[in-house]
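J.: Show me how the following folds:
(one chain, ligands or ions: 1)
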Amino acid sequence: MAQLWGGRFTKETDRKVFAFNASIGFDRRLLPQDIQGSIAHVIMLARQGILSPTEKKQICDGLAGILRDVEEGLLDIDQEAFEDIHSFVEAKLIERIGEPGKKMHTGRSRNDQVALDMRLYTRQVVLEVDVLLKELLEGILDTMEEHIETYMPGFTHLQKAQPTTLAHHYGAYFEMFRRDRQRMSDICRRMDACPLGAGALAGTTYPLDRGYVAGLLGFAQPTRNSMDSVADRDYLIEFLAALSTVMMHLSRFCEEIILWNSNEYQFVEIDDAFSTGSSIMPQKKNPDIAELVRGKTGRVYGALMALLTTMKGLPLAYNKDMQEDKEVAFDAFDTVKDCLELFGGMLKTLRFKKERMAASAMNGFTNATDAADYLVGRGVPFRDAHGIIGRLVLYCIEKGTSIDALSLEELQGISDVFQADVYDAISLKACVERRLTLGGPGTLAMREVIAQNRAYLMQEDRD
Ligand code: ARG
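T.: Numbers count the residues shown, from 1 in each chain. Predicted coordinates:
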């Protein structure tokens, strides 16, 4: 057990205490960020005359060597001997380059160091999630373009409501994931400040150039309060909230795919590569991937609640409780990235059963609103038209038929306003095509939105 703070202590730390306190088992993934942060810190120290140019070079080369050797498998991160990744790096540096290595931590604390490492790591994941969201949006938009005239029922209360198209239905998810990307860009903007130089909590007496080191690490500015710098995990909470929202969207989409794939709906068929069988029932092909994505939503919400709860009631500034941010956040990061990737793959290979979808859109009185609108077009006030069509639907239910299957005589038996042109007016195609308000499923309205979505995906801006 090699500890950075052994000097003040007279006893060896108990094994169990050491293990309980240690974070190296999970913060080892911060190695690249830790080294990047240390190199920037050391370059700045040398620029300020706190380290000599030779010391700077020795330290930077040493750090680069440690990273390289770990990545190439030549250096093992020994979890028995070190409590966290910061101690490991410093100990290895001193072991490798001797005296200059002991100067690396000048003007720094592990508190601002870990605050920086976590920010750097999170910033990278925000960008990775954004790329995955963009890829998902591209897949969704391709399907929209292909299925402008693929009719399907639209639901409210999971009851058939009005006919729509697959393009329109997918368009709703396009909006959700687009908003998710906006959240990513908001988070990037708000977390764009560098905590390095905050020290343990109260800054430092060394003449550090915080603006310079912030610039080296790609931050717009240094943070403005050193206590907040080491105590703040807001950006992580915001990101976990945004990831929870991404998962909520994925989960809703999964739920629909599971329904559509069910024996009752049969709107889609999930590719064999994204389904599994049953050990007992030979006929089964289960939508496991969709179910797992839906299920994993719980653990991402869990991470958000865990961190909110950990942070609640913490006095300023750093407290060891905050070490608990990492496991839950890393688990959520990995989960969301996996889910986005797998879900995207499943979506790309989904097969649509267009005839089934159209047939389903035709029954269940999805054209009842349009039949009422037909009467309105011929001078009947809407409320009266609603009543007439209600009686018509009841008549159809009793006869076991649909509105468009009734003869003109039967229709006129309920209202003499009906004429032969009613059949065209309430056909599936007409019901969809006439919905031309912006945002609706009619072909022209849909094409306009698709063009806007395509233009959005071509631009760099995430908003
Ligand atoms: N492993 C610690 C964490 O993740 C690093 C910071 C330790 N700072 C301290 N004062 N003990 O929070």
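J.: switch to C-alpha atoms for all contacts and neighbour counts from now on
T.: Noted.
J.: Buried residues, the helix or strand harbouring A385. List them.
T.: Taking DSSP states H and E as the criterion, A385 maps to helix 382-399. Of all the residues in helix 382-399, those buried under the rule 16 or more other CA atoms under 10 Å are 385-386, 388-389, 392-393, 395-396.
J.: got it, and stretch 427-439?
T.: Residues of stretch 427-439 classed as buried: 427-435 (neighbour count, 16+ other CA under 10 Å).
J.: Give me every residue in the stretch 1-150 of the chain that's in contact range of the ligand.
T.: Taking CA under 6 Å from any ligand atom as the measure of proximity, the stretch 1-150 of the chain contacts the ligand at 23, 84, 110-111, 114.
J.: now for those, which pair is the farthest apart?
T.: Across these, the longest distance by CA to CA is 13.7 Å; it joins S23 and N111.
J.: what about the one residue in the stretch 201-350 of the chain that gets nearest to the ligand, distance to T143?
T.: Among the residues of the stretch 201-350 of the chain, Q323 lies nearest to the ligand; the distance is 3.7 Å by CA to the nearest ligand atom. For Q323, the distance to T143 under the criterion CA to CA, to the nearest Å works out to 43 Å.
J.: And the helices in the stretch 251-400 of the chain, which stretches?
T.: Assignment of helices within the stretch 251-400 of the chain using DSSP state H, counting those that start in this stretch yields the ranges 288-311, 325-348, 354-362, 368-377, 382-399.
J.: between those helices, which one is nearest to K16?
T.: Using CA to CA as the criterion, the shortest distance between K16 and those is 19.1 Å, found for helix 325-348.
J.: what about that closest one, near the ligand?
T.: No. Using CA under 6 Å from any ligand atom, no contact is recorded between helix 325-348 and the ligand, whose separation bottoms out at 7.1 Å.
J.: Close to the ligand: what parts of the stretch 301-450 of the chain are there?
T.: If contacts are counted using CA under 6 Å from any ligand atom, the residues of the stretch 301-450 of the chain sitting beside the ligand are 320, 322-323.
J.: Let me have the residues you listed in TSV, extended by neighbour count and pLDDT.
T.: Rendered in TSV, the data for those read as follows (neighbours: other CA atoms under 10 Å; pLDDT from 0 to 100):
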residue	neighbour count	pLDDT
K320	9	98
M322	17	98
Q323	15	98
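J.: Closest to I289 out of the residues you listed?
T.: Where those are concerned, and distances follow CA to CA, I289 has its nearest neighbour in Q323, at 32.2 Å.
J.: Go ahead and confirm the closest one touches I24.
T.: No. Judged on CA atoms under 8 Å, Q323 makes no contact with I24 at a distance of 10.7 Å.
J.: thinking again about what came up before, for the residue of the stretch 201-350 of the chain closest to the ligand, give me its contacts.
T.: S23 (CA atoms under 8 Å, 6 or more residues apart in numbering).
J.: one more time with 10 Å, if that's ok
T.: With contact set as CA atoms under 10 Å, 6 or more residues apart in numbering, Q323 has these partners: 21-23, 27, 114, 310.
J.: L93 too?
T.: 58-66, 87, 99-102, 104.
J.: Of the residues you listed, which belong to helices?
T.: The helices, defined by DSSP state H, take in 58-66, 87 from those.
J.: where along the stretch 51-200 of the chain do the helices fall?
T.: Taking DSSP H, counting those that start in this stretch to define them, one finds helices in the stretch 51-200 of the chain at 53-71, 85-97, 110-146, 166-190.
J.: nearest to P153, of these?
T.: Of all the helices of the stretch 51-200 of the chain, the one in closest proximity to P153, counting by CA to CA, is helix 166-190 (9.1 Å).
J.: Which one of the residues in the stretch 151-300 of the chain is closest to the ligand?
T.: Using CA to the nearest ligand atom, the point where the stretch 151-300 of the chain gets nearest to the ligand is A200, with a distance of 7.3 Å.
J.: isn't that residue right up against L316?
T.: No. Under the criterion of CA atoms under 10 Å, A200 lies out of contact with L316, with a separation of 11.3 Å.
J.: quick one, what contacts K16?
T.: By CA under 10 Å, 6+ apart, the contact set of K16 is A22.
J.: roughly how far apart are it and the ligand?
T.: In this view, K16 and the ligand are 16 Å apart by CA to the nearest ligand atom, to the nearest Å.
J.: List the buried residues of stretch 161-177.
T.: Taking 16+ other CA under 10 Å as the basis for neighbour counts, the residues of stretch 161-177 that come out buried are 161-168, 170-171, 173-174, 176-177.
J.: Nearest to S226 among the residues you listed?
T.: Looking at the buried residues of stretch 161-177 and their distance to S226, the nearest is F177, at 35.6 Å (CA to CA).
J.: give me every residue that touches the closest one.
T.: With contact taken as CA under 10 Å, 6+ apart, F177 is in contact with 130, 133-134, 136-137, 140, 183, 245-246, 249-250.
J.: Tell me the pLDDT of it.
T.: pLDDT, the model's per-residue confidence, is 98 for F177.
J.: D404 now?
T.: Taken from the predicted model, the pLDDT recorded for D404 is 90.
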